[in-house]
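[1] build me a model from this:
(one chain, ligands or ions: 1)
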Amino acid sequence: MAIQKMNRRDFLGTTLAAGLTVGLTTTPLFSKTRADKAKSALIVWGGWMGHEPDKCAAIFAPWLKTQGFQVTVSETLDSYTDPEFMASLSVIVPIWTMGKISKEQEKGLLAAVAGGVGIAGHHGGMCDSFRENTDYQFMCGGQWVAHPGGVIDYEVNIKDHRDPVTKGLKDFKMHSEQYYMHVDPSNKVLATTRFSGEHAYWIEGTVMPVVWKRMYGKGRVFYSSLGHVAKDFDVPEALEISKRGILWAAGQG
Ligand SMILES: [Zn+2]
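    Got it, this is the predicted structure:
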């Protein structure tokens, strides 16, 4: 990244990250087991503001603190370039729709997850983040491609009643974007939605994953497509699923 293209915050972030990395290259990474780690979460928000990433971060950051996590809230993807910091985390909550990620930032994020740091996100903030980065999508297990009809009424159907993330929850309704996604068949799908065909007749009856979990190396990966705007988390089930997913990804669920 050329210096002249960076804003002051990015520049300072990079400088700081570079400074912190000096002298730490011999530190063994990921040497702590999950149980040894203090509960520590990183929320990185930014990208397209129509998804209200700041408001969504403000939902999950204080809640994570009540769960005993040390929480870092960052507005720069450069947080991913500090290997020691990344390896110290229990879970990463990315809230960053579209935008671009540099090779170094992506490498840092994927190395952390592959090494055992959990990741848990929602809607476009995780699965419509960096459209050019297939390695990132391989980790996520899906990529948004459409939301026919825009904000509509639809139902979410719980498919796994034993998994801790969806246990005890019943089917529920949303008034939001119904995400049509290209998904990885290796996901463990916990909830789905059915497309009526009203807004795209050729997909009538298609059943699409809404909530899933998977592994990426040693890291736990959780995703829910609910949460177009912060108000969507007023739906108790949508909020509960994301909270439980974050705890699961952090090794707590
Ligand atoms: Zn959206």
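[2] mind listing what the one residue in the stretch 151-253 of the chain that gets nearest to the ion touches?
    Closest to the ion within the stretch 151-253 of the chain is His228: 3.7 Å, counting by Cβ to the ion. C-betas here are computed from N, CA, C, even on glycine. By Cβ atoms under 8 Å, 6 or more residues apart in numbering, the residues touching His228 are His51, His123, Gly124, Val151, Ser176, Glu177.
[3] what is the distance between stretch 72-84 and the centre of its chain?
    How far stretch 72-84 lies from its chain's middle: 14 Å, per Cα atoms, centre = their mean, to the nearest Å.
[4] same thing with stretch 200-209?
    Worked out by Cα atoms, centre = their mean, stretch 200-209 lies 25 Å from the chain centre.
[5] of the contacts of His228, which belong to strands?
    Residues of the contacts of His228 located in strands (DSSP state E): Val151, Ser176, Glu177.
[6] nearest to Thr206 among the residues you listed?
    Ranked by distance to Thr206 (Cβ to Cβ), the ones in strands among the contacts of His228 are led by Glu177 at 15.5 Å.
[7] and the chain, which residues reach the ion?
    Within the chain, the positions near the ion by Cβ under 5 Å from the ion are Glu177, His228.
[8] quick check, Cys56 in contact with Phe233.
    Yes. Here Cys56 reaches Phe233: they are 7.5 Å apart, a contact under Cβ atoms under 8 Å.
[9] more neighbours, those two?
    Cys56 (24 against 20; other Cβ atoms under 10 Å).
[10] who touches the more buried one in this structure?
    Applying Cβ under 8 Å, 6+ apart, the residues near Cys56 are Trp45, Ile95, His122, Gly125, Gly227, Ala230, Phe233.
[11] can you tell me which of these end up in helices?
    Gly125 (DSSP state H).
[12] pLDDT and distance to Phe85 added to the contacts of Cys56, as CSV?
    As requested, these are exported to CSV (pLDDT from 0 to 100; distance: Cβ to Cβ, whole Å):
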residue, pLDDT, distance to Phe85
Trp45, 98, 17
Ile95, 98, 18
His122, 98, 23
Gly125, 98, 21
Gly227, 98, 26
Ala230, 98, 27
Phe233, 98, 28
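[13] of the contacts of His228, buried ones?
    Buried subset of the contacts of His228 (neighbour count, 16 or more other Cβ atoms under 10 Å): His51, His123, Gly124, Ser176, Glu177.
[14] just to revisit the earlier point, closest one of the contacts of Cys56 to Thr66?
    Taking the contacts of Cys56 together and measuring to Thr66 by Cβ to Cβ, the closest member is Phe233, at 15.5 Å.
[15] ok, longest strand in the chain?
    Looking across the chain with DSSP E, the single longest strand is strand 207-216.
[16] Val71: neighbouring residues, count only.
    18.
[17] re the thing from before, which of the ones in strands among the contacts of His228 sits closest to Thr76?
    Glu177 (26.9 Å).
[18] wait, the closest one sits on Ala146?
    No. With contact defined as Cβ under 8 Å, Glu177 does not count as touching Ala146 (9.5 Å).
[19] so which residues of the protein form strands?
    So, for the chain - with DSSP E - the strands run 40-47, 70-74, 91-97, 118-122, 142-146, 151-158, 172-177, 180-183, 188-194, 207-216, 219-224.
[20] most packed of those strands?
    strand 118-122 (a mean of 28; mean count of other Cβ atoms under 10 Å).
[21] pLDDT value on Val113, please?
    What the model reports for Val113 is a pLDDT of 98.
[22] check contacts around Ile43.
    So Ile43 contacts Ala57, Phe60, Ala61, Leu64, Val71, Thr72, Val73, Ser74, Ile92, Val93, Ile95 (Cβ under 8 Å, 6+ apart).
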